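Student: Provide a 3D model corresponding to the input given below.
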Amino acid sequence: MSRMIDELLIETTPAWLRAAAISGGKTVDLVREPRDRAGGEGDIYLGRVVRIVAGLGAAFVDIGLARPALLDLGKTKPAEGAALVVQIVEAARGDKGARVARRISLAGVCAVLLPGEKGVAVSRRLANAGARRKPG
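Tutor: Have a look, this model is predicted:
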């Protein structure tokens, strides 16, 4: 059963981010997380390419954290100073910055939204293999 969300309530304070999805006057989803969690896996940023290292096939992207993030360039070759939307795939550790990718994925309970790609992806959170299979 799918539910239409009537309202999305968001509250931010210096310490917390809280969001609630309301449907039919009832809370159907609630998210509460500390604000000091910046730079965690899955976070999405608008960054700017600060340096390209051709020998590594990578670029360093300033996303507003303590250290620039590392982006594997693959087939794309952005110019220095280019603005990019990136998602953290590996959080920063020690003296290394985060590792980011340009392929954005927004995971829900049952499905995963992959902007710019065709088709529907089924969430790995569905433990039941039968529920993961396509209908028909």
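
Student: Just grab the bridge partners of Ala59 for me.
Tutor: Ile52, Leu71 (DSSP bridges).

Student: What residues does it make contact with?
Tutor: Contact analysis of Ala59 by C-beta atoms under 8 Å, 6 or more residues apart in numbering lists Val49, Arg51, Ile52, Val53, Leu70, Leu71, Leu73, Pro78. Using the backbone N, CA and C atoms, a C-beta is placed for each residue, glycine as well.

Student: Check which helices and strands the helix or strand Thr27 falls within sits against.
Tutor: Secondary structure from DSSP states H and E places Thr27 in strand 26-34. Applying 3 or more C-beta pairs under 8 Å, 6 or more residues apart in numbering; DSSP states H and E, one finds that strand 26-34 contacts strand 16-23.

Student: which residues touch the strand it packs on?
Tutor: Residues contacting strand 16-23 (C-beta under 8 Å, 6+ apart): 3-12, 27-35.

Student: how about that strand: buried residues?
Tutor: Ala20, Ala21 (16 or more other C-beta atoms under 10 Å).

Student: Please look at Val61 and Pro68 and confirm they touch.
Tutor: Yes: if you go by C-beta atoms under 8 Å, Val61 and Pro68 touch, sitting 5.9 Å apart.

Student: shared neighbours of those two, which are they?
Tutor: Contacts common to Val61 and Pro68, judged by C-beta under 8 Å, 6+ apart, are Val50.

Student: Hey, what's the angle from the strand holding Thr27 to strand 16-23? Just curious.
Tutor: Relative orientation of strand 26-34 and strand 16-23, computed by axes from the mean of the first three to the mean of the last three C-alpha atoms, to 10 degrees: 170 degrees.

Student: one step back: now rank the contacts of Ala59 by neighbours and give me the top one.
Tutor: Within the contacts of Ala59, neighbour counts (other C-beta atoms under 10 Å) peak at Leu71, which reaches 25 neighbours.

Student: Determine how far the last residue of stretch 74-93 lies from the first.
Tutor: 23 Å (C-alpha to C-alpha, to the nearest Å).

Student: From the chain's centroid, how far away is it?
Tutor: Remark: stretch 74-93 is offset 13 Å from the chain centroid, using C-alpha atoms, centre = their mean, to the nearest Å.
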